[in-house]
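> Predicted model follows, preceded by the sequence.
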Amino acid sequence: MFGTYRIFVLFVLILSISLLFSGCLGIMKSKEDYYKEAKELIQQGSIEIKTGIDEMSEVLHILQSKDILKEKEIESPHFDISVGDKDINPNVKITKRKIYYLDTTFIPKCSDWCIEVASKAKKASERISTGQSKASKAVKIFWKIGSDNEAKAITRTITANNNIYWLSELGDKISKAFESLNKGDSDKYKSYLEAANQILVDWLQYDPFSISIH
């Protein structure tokens with residue numbers, strides 16, 4: 001009886017050591033393994049972001065067709081030491097540029113297109129956010145293994161790209177606006193659309209259709 005118990009204990013001990021050893025081997029990744037993992041995350045993240053950008057473009061085109069997304073030309077100061085009125089400010093040139101904005105002054109009549117806008121904008125926002133999250137994980141791995149140039153490149157084009165971040169936020173606010181409108185809550189619709197418009201005007205001051213990760 002005692003001998004059987006000793007054999008059982010020995011078996012459990014050997015099994016435990018074996019599992020621990022195999023686990024350690026799993027944890028011990030090479031630099032190449034980490035690099036491959038980071039590259040895969042970048043590839044996945046880039047696909048998510050590009051798909052999200054395309055979906056947001058579709059949303060904005062729908063809003064354009066419904067006369068909710070509009071554009072106008074504004075005067076904008078441009079810093080340039082070589083031009084300008086020397087009597088006023090030799091470093092400023094006034095130029096005109098086009099901006100986009102959302103018309104929050106009226107409540108549109110909702111139908112299937114509202115549901116489509118809410119759904120597409122939500123998916124787009126989530127995709128972009130997921131893509132940036134995967135890229136952030138990749139950057140951490142690159143820093144960890146000493147691939148500084150790779151980390152800096154991804155940080156510049158994706159993780160620190162404010163236009164991508166704000167496009168995701170724009171999608172979130174637009175989706176919530178039209179979800180509210182679908183439920184008949186016009187006050188919430190207007191509130192969320194005004195928040196979306198603030199993002200569009202204050203943060204995405206240039207063409208929201210031309211945002212990319214390159």
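Structure's in. What do you need? Just so we're clear, the structure is a prediction, and the values are computed from it rather than from any experiment.
> and Ala135, what element?
Taking DSSP states H and E as the definition, one finds Ala135 inside helix 112-144.
> now do Thr95
strand 92-102.
> Neighbouring strands - and their directions - for that strand?
strand 69-79 (antiparallel) (DSSP bridges).
> what mean pLDDT would you report for the partner strand?
Averaged across strand 69-79, pLDDT comes to 75.
> Enumerate every residue touching Thr104.
By Cβ atoms under 8 Å, 6 or more residues apart in numbering, the contact set of Thr104 is Lys190, Leu193, Glu194, Asn197. Yep, even glycine has a C-beta here, placed from its N, CA and C like the rest.
> Let's have these in JSON lines, adding secondary structure.
Output for these, formatted as JSON lines (DSSP: H, G, I helix; E, B strand; the rest coil):
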{"residue": "Lys190", "secondary structure": "helix"}
{"residue": "Leu193", "secondary structure": "helix"}
{"residue": "Glu194", "secondary structure": "helix"}
{"residue": "Asn197", "secondary structure": "helix"}
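> Ser111: neighbour count?
Using other Cβ atoms under 10 Å, Ser111 has 9 other residues around it.
> Tell me how far it lies from Ala118.
Distance, Ser111 to Ala118, using Cβ to Cβ, to the nearest Å: 12 Å.
> same check, this time on Glu37
According to Cβ to Cβ, Glu37 stands 35 Å off from Ala118.
> does the residue nearest to Leu181 when sequence neighbours are not counted sit in a helix or strand, and which one?
In space, and not counting its chain neighbours, Leu181 is closest to Tyr189: 4.2 Å by Cβ to Cβ, 6 or more residues apart in numbering. Here Tyr189 is covered by helix 186-202, with elements defined by DSSP H and E.
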